[in-house]
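# Have a look at this prediction, sequence included:
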Amino acid sequence: MTIRERIVAFLQEHPEGIDDDALAEALHLKQRQQANSRCRHLEKEGLVARRRVSGKIHNFWVGDKQASLSQAQSIQAAPSLKTVSSNEPWFWEGNVQAAVVRYLATQNCIIRSVVDTASRQRGKDIVAERNGKPLWVTVKGYPRGTSKTHPSTQAGHWSMSLS
């Protein structure tokens, strides 16, 4: 088994995530950089989310639980999914976006780019390709609301503006 295959298998079995140091130790890698490098590459493929937990960056599997390595390798030039956050509710736009990207990957789509919703990056939320045809996806989460506007009121305004 390659280091990549071992990391994928480990992360699939540990949804709680793990930092590079602990991952290198758990897999008996010679250097933590081996875990770091491969996890950053998996992040670019849209299969791993890397986010800060208690000051350390942890790796979380975001690919389909049953994804084969051949399917994982078919996701070319996939974007970073840094926005996936367990600190946010499931309906937060970044989490919705990550779920859509995971679904598209299971449908043999090539993920070309994903904007960073946490930093409010502009652009098409998800750019994918399937059978040579482009697919652009706009993602919306449920609003938090403000001190002046209830979330359901704000959501109503959003849905009217999308019509």
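In hand now; what should we look at? Numbering: from 1, shown residues only.
# C-alpha only now, for contacts and for neighbours.
Noted.
# Quick one: the helices in this structure, in order.
In the chain, the helices defined using DSSP state H lie at 3-13, 20-26, 32-44, 69-74, 93-106, 151-162.
# tally of neighbours for residue 104?
For residue 104, the count of nearby residues is 19 (other CA atoms under 10 Å).
# Run through the residues that contact it.
Contacts here follow CA atoms under 8 Å, 6 or more residues apart in numbering; on that basis residue 104 touches 110-111, 128.
# Could you list the low-pLDDT ranges of the protein?
Applying pLDDT under 70 to the chain picks out residues 64-87, 145, 151, 154-163.
# mind checking the backbone torsions on residue 124?
Dihedral angles of residue 124 (phi, psi; degrees, to the nearest 10) stand at phi -70, psi 130.
# That one - how many residues pack around it?
By other CA under 10 Å, the residues close to residue 124 number 13.
# quick one: it and residue 116 touch, right?
No. Using CA atoms under 8 Å, residue 124 is not in contact with residue 116, being 10.4 Å away.
# Same list, the helices of the chain, but as a markdown table with distance to residue 53 please.
Listed next are these as a markdown table, based on distance: least, CA to CA, whole Å:
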| stretch | distance to residue 53 |
| --- | --- |
| helix 3-13 | 16 |
| helix 20-26 | 12 |
| helix 32-44 | 16 |
| helix 69-74 | 25 |
| helix 93-106 | 16 |
| helix 151-162 | 28 |
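# so which of those helices comes closest to residue 138?
helix 93-106 (8.7 Å; CA to CA).
# list the buried ones in the closest one?
Burial within helix 93-106, assessed by neighbour count using 16 or more other CA atoms under 10 Å, is assigned to 93-99, 101-102, 104-106.
# Tell me how far that helix lies from the chain's centre.
Remark: helix 93-106 is offset 7 Å from the chain centroid, using CA atoms, centre = their mean, to the nearest Å.
# residue contacts, residue 47?
With CA under 8 Å, 6+ apart, residue 47 has these contacts: 61-63, 72, 102.
# list the buried ones in stretch 37-47?
For stretch 37-47, the neighbour count (16+ other CA under 10 Å) marks 38-47 as buried.
# ok, now stretch 7-26?
Within stretch 7-26, the residues that qualify as buried are 7-8, 10-12, 17-21, 23-24, counting by 16+ other CA under 10 Å.
# tell me the two of the residues you listed that are most distant?
Among the buried residues of stretch 7-26, the pair separated by the greatest distance (CA to CA) is 12 and 21, at 17.6 Å.
# quick revisit: nearest to residue 153, of the contacts of residue 104?
residue 128 (31.8 Å).
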